[in-house]
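In: Sequence plus predicted model, see below.
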Amino acid sequence: MSANLEHPDGTPMRILVVDDEANLAELLAMACTVQGWQPTAVGTGREAVREARAEAFDAIILDVMLPDLDGFAVLEKLRAEGIDTPVVFLSARDGVDDRLTGLRLGGDDYVTKPFNLDEVIARVAARLRRGSAPVPEKTSVLTVGDLTLDEDSHDVARGGTPIELTAREYEVLLLFMRNPRVVLSKSQILDRVWDYDFGGNGNIVELYISYLRKKIDAPFPDRPALLTTKRGAGYMLRAADD
């Protein structure tokens, strides 16, 4: 069978394959390649999160039982960050509760093991077709009050005045800009910005919050502060009139 699916510009559909059984992951990747898709295979939940954050995939084939984060936890993280890539779960657990959990978390399909490889590919193809319809072009500029951040150019400005940020400061601000009016705890910020590679504590978050305030609030004393502290809970980015 051939799904014969590609992007309008002729580039192949990109599929993230997540399974800790190396042979199975390789088999799924080969099946994707036969369809003309471009697969990336990883074996852990943490790798899956990193890849999905770093690259724009068209679909994810996600095993539920993984050695670190399970598939449900992986999907929960991705959906919380606004990553809406279609997900087809694979699992040896065929209980109704597991299926419902996967769907409630934002999964698009659920296939139980052992499975027919053609069926998995057909279900992924169905998700790709649904996502291939033209959609309105999305702006890359995020706005909170008079603060703007362009995700394409990485330009940041307040009231039209450019603000220079370091790479890490930009990542922290981007997290807040993608979650306006949401209180983010230190642990959430550590997890999403420093990921799993940082072994420190919340003090690093306090330091970078301080850096950001000096750049987005302190230089504009005639304007309301955007980055606020919610004592005992975390930090929030919001405009005065939100």
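Out: In hand now; what should we look at? Just so you know, these numbers come straight off a predicted model, no measurement behind them. Residues are numbered from 1 along each chain as shown.

In: CA atoms for contacts and neighbours, from now on please.
Out: OK.

In: quick check: domain ranges of this protein?
Out: Split into domains by the TED database, the chain comes to 14-131, 141-237.

In: where in the chain is pLDDT low?
Out: Scanning the chain for pLDDT under 70 picks out 1-4, 94-96, 131-139, 195-202, 241-242.

In: For it, which segments count as helices?
Out: All helices of the chain, identified by DSSP state H, fall at 22-34, 45-54, 71-80, 96-104, 117-131, 167-178, 186-189, 203-216.

In: Check those for me and report the most buried one.
Out: Stretch with highest mean neighbour count among those: helix 71-80 (a mean of 19; mean count of other Cα atoms under 10 Å).

In: Can you tell me what sits against that helix?
Out: 45-46, 48-49, 52-53, 62-65, 84, 89, 101-102, 105-107 (Cα atoms under 8 Å, 6 or more residues apart in numbering).

In: between that helix and helix 96-104, how many degrees?
Out: Between helix 71-80 and helix 96-104, the angle comes out at 20 degrees (axes from the mean of the first three to the mean of the last three Cα atoms, to 10 degrees).

In: Same list (the domains of the chain) but as JSON lines, adding distance to residue 8.
Out: Below are those laid out as JSON lines (distance: least, Cα to Cα, whole Å):
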{"stretch": "domain 14-131", "distance to residue 8": "12"}
{"stretch": "domain 141-237", "distance to residue 8": "21"}
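
In: For residue 6, find the nearest of the ones you listed.
Out: domain 14-131 (7.5 Å; Cα to Cα).

In: so how far is the closest one from its chain's centroid?
Out: Per Cα atoms, centre = their mean, to the nearest Å, the displacement of domain 14-131 from the mean C-alpha position of its chain is 14 Å.

In: How about stretch 161-173?
Out: Centre-to-centre, stretch 161-173 and its host chain are 20 Å apart (Cα atoms, centre = their mean).

In: Stretch 223-232 too?
Out: Stretch 223-232 has its C-alpha centroid displaced from the chain centroid by 26 Å (Cα atoms, centre = their mean).

In: ok, and what's touching it?
Out: With contacts defined as Cα under 8 Å, 6+ apart, stretch 223-232 is touched by 145, 183, 213, 216-217, 235-240.

In: Can you give me the end-to-end span of that stretch?
Out: End-to-end span of stretch 223-232 (Cα to Cα, to the nearest Å): 26 Å.

In: Sort out which residues of it are buried, please.
Out: Burial within stretch 223-232, assessed by neighbour count using 16 or more other Cα atoms under 10 Å, is assigned to 225-227.

In: Now tabulate these in a markdown table and tack on distance to residue 176.
Out: Below are the buried residues of stretch 223-232 laid out as a markdown table (distance: Cα to Cα, whole Å):
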| residue | distance to residue 176 |
| --- | --- |
| 225 | 14 |
| 226 | 10 |
| 227 | 9 |
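
In: for those, which one is nearest residue 32?
Out: Checking the buried residues of stretch 223-232 against residue 32 by Cα to Cα gives residue 227 as the nearest, at 44.7 Å.

In: how far away is the closest one from residue 214?
Out: Computed with Cα to Cα, the distance linking residue 227 and residue 214 is 10 Å.
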